[in-house]
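Chemist: Show me how the following folds:
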Amino acid sequence: MDLQGDDLTEAVVASFGDSPSERYQTVMSALVRHLHAFAREVELTEDEYFTAIDFLTRTGQASNEKRQEFVLLADVLGLSMLTVGLGNRKPPEATQSTVFGPFFVEGSPAAQLGDDIANGAPGQPCFVSGRVLNTKGEPVAHARVETWQADEDGYYDVQKDLDHPQNRAHLITDAEGNYSFWSVRPVAYPIPHDGPVGELLQAGGRGWMRPAHIHFMVTAPGYGRLITHVFAAGDEYLDKDAVFGVKESLIAEFTEHAAGTEAPDGSTPDRPYYTVNYDLVLATVEETRASGDR
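Modeler: Here you go, the predicted model:
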């Protein structure tokens, strides 16, 4: 009774002591201690407390099957990238991971190698290709490559009123680990900032742009899952990414070609187009575990 200060904190921590999960106790104990320490450090006022409750309530209300405002919040606070770093300790030869983002959709359409997955999305055509390899440089056959991206207006298909997917599909690598598809050249775009997260950024005097990129998620039996982006070299927002997701090794050249010149798949597009080639390197489950133990 009449608990205050450190006594209050320790009483709350102790209240979780009967949980059958040791990990749950660890997480909740740390959360309570850090949360209470934060409130003491900033001398949190009741008005600020209720403002925070309102912010979190509206963040939940802004989330739906097409938009995840809480993921966006974690992204702009750097929590997503911090968690990515903690959970993806891999050999240096493996492709680096980055944020998942809020626009992944389960059940993407299947595409064949070389297909046009733009499906009518606006933008300059772009041929994307590469290989899925292991850390020894050997091909990973039959890997599943999920890909999704925004169009030239900076919108993902789920942000538009469409009855079909655009710039979104999954492919299976061939015996040599090759993957390829046509989409559109990605452009820099603003993250959704018409909701609570946008208010947070504006209050902090922060920008809301992301550099041009293509999302990938690659899985294969015996290998750790890879979630990453390929960023466009030269983009003005590479060092100002609103979600802190850029890594130097994930930047690639998107090369422009004149109309009528032969593309890597042997076609001759009748308008200017781009190509980008990027190999995706997977670490085995064992290599990931070994790296995590270091």
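
Chemist: Tell me where this protein is predicted with low confidence.
Modeler: 1, 289-294 (pLDDT under 70).

Chemist: could you pull out the strands for it?
Modeler: In the chain, the strands defined using DSSP state E lie at 125-134, 144-148, 168-172, 178-184, 189-190, 209-210, 213-219, 226-232, 251-252, 255-257, 273-277, 280-282.

Chemist: Relative to the whole chain's centre, how far out is stretch 22-39?
Modeler: Distance, stretch centre to chain centre, for stretch 22-39: 27 Å (Cα atoms, centre = their mean, to the nearest Å).

Chemist: Grab the CA positions of it and hand them over as CSV.
Modeler: Extracted in CSV, the C-alpha atoms of stretch 22-39 (Å, rounded to 0.1, in the frame of the first residue of the first chain):
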residue,chain,number,x,y,z
GLU,A,22,10.9,-17.0,-17.8
ARG,A,23,11.4,-15.0,-21.0
TYR,A,24,8.1,-13.2,-20.3
GLN,A,25,9.3,-12.3,-16.9
THR,A,26,12.6,-11.0,-18.3
VAL,A,27,10.9,-8.8,-20.9
MET,A,28,8.2,-7.4,-18.7
SER,A,29,10.6,-6.7,-15.8
ALA,A,30,12.9,-4.7,-18.2
LEU,A,31,10.0,-2.9,-19.8
VAL,A,32,8.5,-1.8,-16.5
ARG,A,33,11.9,-0.6,-15.1
HIS,A,34,12.8,1.3,-18.3
LEU,A,35,9.3,2.8,-18.7
HIS,A,36,9.3,4.0,-15.1
ALA,A,37,12.9,5.3,-15.4
PHE,A,38,11.8,7.2,-18.6
ALA,A,39,8.9,8.9,-16.8
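
Chemist: And the contacts of that stretch?
Modeler: When contacts are defined by Cβ atoms under 8 Å, 6 or more residues apart in numbering, stretch 22-39 is touched by residues 8-9, 12-13, 16-17, 19, 44. C-beta: built from backbone N, CA, C; applies to glycine.

Chemist: returning to what we had before: out of the strands of the chain, nearest to Q112?
Modeler: Q112 lies closest to strand 168-172 among those, at 7.2 Å (Cβ to Cβ).

Chemist: on that earlier part again, what two of the contacts of stretch 22-39 have the greatest distance between them?
Modeler: Longest distance between any two of those is 26.9 Å, between S19 and L44; criterion Cβ to Cβ.

Chemist: and T57, which of the strands of the chain is closest to it?
Modeler: Across the strands of the chain, closest to T57 is strand 189-190 (Cβ to Cβ), at 24.0 Å.

Chemist: Just checking: what are the partner strands of that closest one?
Modeler: Pairing partners of strand 189-190, with direction, according to DSSP bridges: strand 209-210 (antiparallel).

Chemist: where's the strand it pairs with relative to the chain centroid, distance-wise?
Modeler: 13 Å.

Chemist: can you check stretch 144-161 too?
Modeler: Distance, stretch centre to chain centre, for stretch 144-161: 13 Å (Cα atoms, centre = their mean).

Chemist: next one: stretch 15-29
Modeler: Its chain's C-alpha centre and that of stretch 15-29 lie 30 Å apart, by Cα atoms, centre = their mean.
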